[in-house]
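J.: Quick one: sequence and predicted model below, then my questions.
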Amino acid sequence: MNRIAIGQICSSSSLTHNLKTISKLIDSALMQDAKIIFFPEASDYISRSATHSKKLASQSPEFVENLCRTIPSLCDKYGKKIDVSIGVHLPAIQLDEKRPDDRVRNCLLYINHKGEIVQTYQKLHLFDVDVPNGPVLKESESVQPGSKVPAVLDTPVGKLGPALCFDMRFPELSLKLRSNGAELLCFPSAFTVKTGEAHWELLARARALDTQCYVVMPAQQGEHQVNLDLEPGATDDSSVKRISWGHSMIIDPWGQKIAEADPQGEDVQLVLADLDFAALRKTRTNMPLWEQRRRDVFGDYV
């Protein structure tokens, strides 16, 4: 059995509160025999602003340490094993002493059942949008971009190609991961409502068809409590609202949804699916795209 789970959540600005929610979902996934649970981007926190994010990121290493202790404890509780894929923020890395950089890193961690961090992938593509006479969203102002294609991981449910949110709009990453052996891809995300409504499912199905992989889409859903970290009695004059699209889903290599969250249900949900790798192999055999790629024309980047 190749059962996976998505832990759909609605992160707040309280890392302690978020970890409790995540722990409950891991517990539930273990009870239902999932071998991996996938959590969204920014599972550690959603902030009010870039400045607030930099402050909260200083707490993220402790969040990760506590999670790494929680996973084996829950596995021991049930006598089962589960790995965890989770999106978090991490403090900046100084690459140039002459140019200090305090931007956080948007990373995807793969943590095994022993609580060991097997991989840290830093998001390559940052969500920078400057619409004329419209919204301006510049993730790069507060987030350091990654610079490396992540390695494909051997997992209990097949070979995993990791990515993060905005990465899904750039098919060359997905194609490269498939060429490197991926059988499933994940895109942990915190999509806006407008872009989610327009493109979330479309992009998921497109990447599945491009690569003939299972595509796992863990999402943040709902209105985030971005003031939950404030001390009792403290106030914040920010009126910012952060709302995520949600609609977590799992797509098969033929582009069909095999599991999805209930969009009318609670923000926090567990989504389960059993992956059929015989069906994956059949899809790739019947439509041998990788044998037909014109590398003589386009090069060998995929």
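T.: Thanks, I have the structure now. If you're wondering where the values come from, they're calculated on a predicted model, not measured in any experiment. Residues are numbered from 1 along each chain as shown.

J.: all contacts plus neighbour counts: C-alpha atoms, from now on.
T.: Noted.

J.: where along the stretch 1-150 of the chain do the helices fall?
T.: Counting by DSSP state H, counting those that start in this stretch, the segments of the stretch 1-150 of the chain that form helices are 15-31, 50-57, 60-78.

J.: Mean pLDDT lowest where, among those?
T.: For the helices of the stretch 1-150 of the chain, mean pLDDT drops lowest on helix 50-57, to a mean of 94.

J.: Which residues does it contact?
T.: Outside helix 50-57, the residues that touch it by C-alpha atoms under 8 Å, 6 or more residues apart in numbering are Ser13, Tyr45, Ile46, Ser47, His89, Leu90, Pro91, Asp102, Arg103, Val104, Glu141, Ser142.

J.: residues in contact with the second one?
T.: Spelled out, that is Tyr45. Tyr45 neighbours (C-alpha under 8 Å, 6+ apart): Ser11, Ser12, Ser13, Ser14, Leu15, Asn18, Leu56, Val88, His89.

J.: swap the cut-off to 6 Å and go again
T.: Taking C-alpha atoms under 6 Å, 6 or more residues apart in numbering as the contact definition, Tyr45 lies against Ser11, Ser12, Ser13, Leu15.

J.: again, but for the last one
T.: The neighbours of Ser142, taking C-alpha under 6 Å, 6+ apart as the test, are Ala50, Arg103.

J.: And the fourth one, by the same measure?
T.: Shown here is Ser47, whose contacts under the criterion C-alpha under 6 Å, 6+ apart are Ser13, Ser53, Val226.

J.: Tell me which of the helices of the stretch 1-150 of the chain sits nearest to Arg178.
T.: Among these, helix 15-31 comes nearest to Arg178, with 27.1 Å by C-alpha to C-alpha.

J.: buried stuff in the closest one?
T.: If you call a residue buried by 16 or more other C-alpha atoms under 10 Å, then helix 15-31 has these buried ones: 15-16, 18-19, 21-23, 25-30.

J.: and if you look at stretch 272-281?
T.: Leu272, Ala273, Leu275, Phe277, Leu280.

J.: So the spatially most central residue of the chain versus Pro61, what's the distance?
T.: In the chain, the residue lying closest to the centroid (C-alpha atoms, centre = their mean) is Pro188, at 1.9 Å. For Pro188, the distance to Pro61 equals 19 Å [C-alpha to C-alpha, to the nearest Å].

J.: before we move on, back to that, quick one, what contacts the nearest residue to the residue nearest to the centre of the chain once chain neighbours are set aside?
T.: Once flanking residues are discounted, Pro188 sits nearest to Pro40: 4.2 Å by C-alpha to C-alpha, 6 or more residues apart in numbering. Taking C-alpha under 6 Å, 6+ apart, we find Pro40 in contact with Gly87, Pro188, Ser189, Pro218, Ala219, Gln220.
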